[in-house]
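Undergrad: Just to be clear, the model below is a prediction. Sequence and coordinates:
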Amino acid sequence: MNHVQPDYARKHASPRNKRAAAVVGVGHSDWVGDWARCRNGERPNDSYGYAIDAFRNALKDADISRDEVDGLIAGPTTAYERLGELTGINPRWGGQADAVLAVSQAVMAIEAGYAEVIALVYGNDQRSVGTQYGGPEAMGGGAFLSYVYHSPWGLTSQGALYALTLQSFKHARGFTEAEMGEVAVAQRGWSSMNPNAIMRKRITVEDYMASNYVCEPLHLYDYCLINDGGVALIIAEAGRAKRMTEKPVFIESVGRFDLNRGATSLEPRIDDFYLPAQQAAAAQSYELSGLGPKDMDILQVYDSFSVHVPLALEGYGYCGVGEAGKFLREQGVGPGGKLPVNTGGGHLSETYMQGWAHQIECVRQLRGECGERQVADARHVHYTSDVAGKCFSIIYGK
Amino acid sequence: MNAIEAKTPKPVMGLYDKPMWESINAGAMRLQRCRACSKWQYPPGPACPQCLSCDLEWTPVSGRARILSWVVFHRQYLPAYPAPYNSIAVRLEEGPTMITNLEGAMPDAGSIGKDVRLVYVTMPDGVVLPRFSLAE
Ligand SMILES: [Zn+2]
């Protein structure tokens, strides 16, 4: 069992990264068009190509030239040096990171003065090259022992790890299958209004209940898509961001806490549902920003599987522990619900960009650019993720 | 592919995994127990995560455990595991959590919290796996 005192995080919250940096440009590749081409057996591009499509669009959105960029973070699927070569960036600071690490490292580098305008660039050709997220060759096994250690017993897929989490969560909290279905239904409600989303057909809880299990208790609708694409963000020092654009989106605060003890045997997930780490990450980011769950207009949750959402609702204080099922049923997270969650459709329905697309959805909602799915007067958007026990809480604001 | 010919997925076999698999093959699973603080660990490793001592002793487990969670795969991912098949998470009496399979029955809505006992199952290709069956 993992025990964390949330007070620890509160005491250790440093005010320095508050509103230190802002997003000044976002871009993405043609997810919908490339999905159709992949389904047609084509290979529209490689990871670097998608990354550069997104980067070009982000530069255009920021209305800056490439030569203003003095920092570069490459996503996990492209080599930093090669991406730097292809984007033509000779930076004074750089690195390689997944989505939340990239945002938090950009804030740190800017706060410390290592760079002023940082490009965060991600591309992934996982669909067209058939990246394996299960089986003995599962991606990430070298870094995360839990992805491969249990293969003699037939447990290797990412889905299975989250299926074990959901089964245990259902038992501990009295959470039901139909309540789980509310997440996929809500996200389809959002994606049906998003022209950038791949899956746009609305579904009902009845459709969910009637759908096949893949790894029981997870239904097909609980799984993310696997598609090709890219995402890029330009993040700048706060003062410079204000001079660069009329609509900077500030990173109000970043909180983080990781659960590593017992990770190979999945204890942080199936015993604790990541709760102590989520509470600690939340405490840091709330303390720092002076904001709390009541101030958030939108919640974006890393959703490789739908079960991340009820865990986040409880862990980040949107409802009490044990109340996520009731919250999903009665308050609602879809269009018209009390708390809009994953307003683009998320990994389940929009695009599986491993958390990167969630960042640009945060930005676009705050700029008021989301058309039919726009949440009226959105002032603060909360992004959370708990990938492999690294719990992050990032608050975006105007 | 015929399940008889199918190879059981190979275990991760680092320096510290080897003694554990030798004990499994001998039908008496041993895990490392810290001599300094008495904590058991799984998977095996170079030191005790609780106190960082390297003074670890390979000690037989009781075989008693309790089900923490379960899944049923409705698709086949591995030649050795035609669908449907299950995986379960158990907490050993000694403390560690282990991912394994329930032998003899499929798990169901009442499985979490049930007592199970360690059994050694020989796969069609000869690999011996520690699995668990419901306690009498
Ligand atoms: Zn010890």
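TA: Cool, the structure landed. Residues are numbered from 1 along each chain as shown, chains lettered A, B, ... in the order given.

Undergrad: what's the neighbour count on residue B:46?
TA: 11 (other CB atoms under 10 Å in any protein chain shown). C-beta here means a position set from N, CA and C on the backbone, and glycine is covered the same way.

Undergrad: That one - that's part of a strand, no?
TA: No: secondary structure assignment places residue B:46 outside any strand; it is coil (DSSP: H, G, I helix; E, B strand; the rest coil).

Undergrad: Run a quick check on it versus residue B:16, I expect a contact.
TA: Yes: look at residue B:46 against residue B:16 with CB atoms under 8 Å: they come within range, at 6.1 Å.

Undergrad: Tell me, how many residues neighbour the residue of the stretch 251-398 of chain A found nearest the ion?
TA: Closest to the ion within the stretch 251-398 of chain A is residue A:261: 12.9 Å, counting by CB to the ion. Residue A:261: 14 surrounding residues under other CB under 10 Å.

Undergrad: Does it touch residue B:49 like I think?
TA: Yes: in terms of CB under 8 Å, residue A:261 counts as a neighbour of residue B:49; the distance is 6.4 Å.

Undergrad: Find residues that contact each of these two.
TA: Contact criterion CB atoms under 8 Å, 6 or more residues apart in numbering or on different chains; no residue bridges residue A:261 and residue B:49 by contacting each.

Undergrad: What lies in contact with stretch A:193-210?
TA: Stretch A:193-210 has contacts (CB under 8 Å, 6+ apart) with A:28, A:31-32, A:35, A:177-178, A:180-182, A:184-185, A:188-192, A:219, A:221, A:225, A:227, A:335, A:344-345, A:348-351, A:370-373.

Undergrad: Give me the pLDDT for the residue at minimal distance from the centre of chain A.
TA: Geometric centre of chain A, nearest residue: residue A:355, 2.8 Å, by CA atoms, centre = their mean. Model confidence at residue A:355, given as pLDDT, is 98.

Undergrad: Repeat that for residue A:130.
TA: Value for residue A:130, per-residue pLDDT: 87.

Undergrad: can I assume it sits in a strand?
TA: No: Residue A:130 is assigned coil when assessed by three-state DSSP, not a strand.

Undergrad: how many neighbours does it have?
TA: 8.

Undergrad: Please apply the same query to residue B:23.
TA: 18.

Undergrad: Make sure residue A:232 is indeed in a helix.
TA: No: under three-state DSSP, residue A:232 falls outside any helix and is assigned strand.

Undergrad: Enumerate the residues of the stretch 151-300 of chain A near chain B.
TA: Within the stretch 151-300 of chain A, the positions near chain B by CB under 8 Å from any CB of the partner chain are A:151-157, A:160, A:163-165, A:167-168, A:171, A:212-217, A:261-262, A:264-267, A:270-271.

Undergrad: Filter these down to the buried ones and hand me the ChimeraX line.
TA: Filtering those down to the buried ones (16 or more other CB atoms under 10 Å in any protein chain shown) takes a single ChimeraX command:
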select /A:151,152,153,154,155,156,157,160,163,164,165,167,168,171,213,214,215,216,217,262,264,265,266,267,270,271
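
Undergrad: Restricted to strands, list the residues of the stretch 151-300 of chain A next to chain B.
TA: A:213-216 (DSSP state E).

Undergrad: And the furthest pair within those residues?
TA: Spanning the widest gap among these are A:214 and A:216, at 7.9 Å by CB to CB.

Undergrad: so what's in contact with the two at the same time?
TA: Joint contacts of residue A:214 and residue A:216 (CB under 8 Å, 6+ apart) are B:73-74.

Undergrad: For the chain, give me the ranges with low pLDDT.
TA: By default, I'm working from chain A. Judged by pLDDT under 70, chain A has its weakly predicted residues at A:1-16, A:135-139, A:141.

Undergrad: my bad, the chain I had in mind was chain B
TA: B:1-4.

Undergrad: Show me the strands in it, by range?
TA: Counting by DSSP E, the strands of chain B are B:30-34, B:40-41, B:56-60, B:64-73, B:85-92, B:97-100, B:102-103, B:115-122, B:128-134.

Undergrad: Just send the ones you listed back as a markdown table, with distance to residue A:133 too.
TA: Listed next are the strands of chain B as a markdown table, based on distance: least, CB to CB, whole Å:
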| stretch | distance to residue A:133 |
| --- | --- |
| strand B:30-34 | 30 |
| strand B:40-41 | 28 |
| strand B:56-60 | 34 |
| strand B:64-73 | 14 |
| strand B:85-92 | 16 |
| strand B:97-100 | 17 |
| strand B:102-103 | 25 |
| strand B:115-122 | 27 |
| strand B:128-134 | 24 |
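
Undergrad: Dump the ones you listed into TSV; add distance to the ion and mean neighbour count as well.
TA: Formatted as TSV, the strands of chain B follow (distance: least, CB to the ion, whole Å; neighbours: other CB atoms under 10 Å in any protein chain shown):
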stretch	distance to the ion	mean neighbour count
strand B:30-34	3	21
strand B:40-41	8	20
strand B:56-60	8	14
strand B:64-73	21	23
strand B:85-92	17	24
strand B:97-100	17	24
strand B:102-103	31	20
strand B:115-122	24	17
strand B:128-134	23	19
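
Undergrad: contacting residues for the residue of chain A positioned farthest from its centre?
TA: Distance to the chain centre peaks in chain A at residue A:152, reaching 30.9 Å (criterion: CA atoms, centre = their mean). Shown in contact with residue A:152 (CB under 8 Å, 6+ apart): B:8-11, B:127, B:129.
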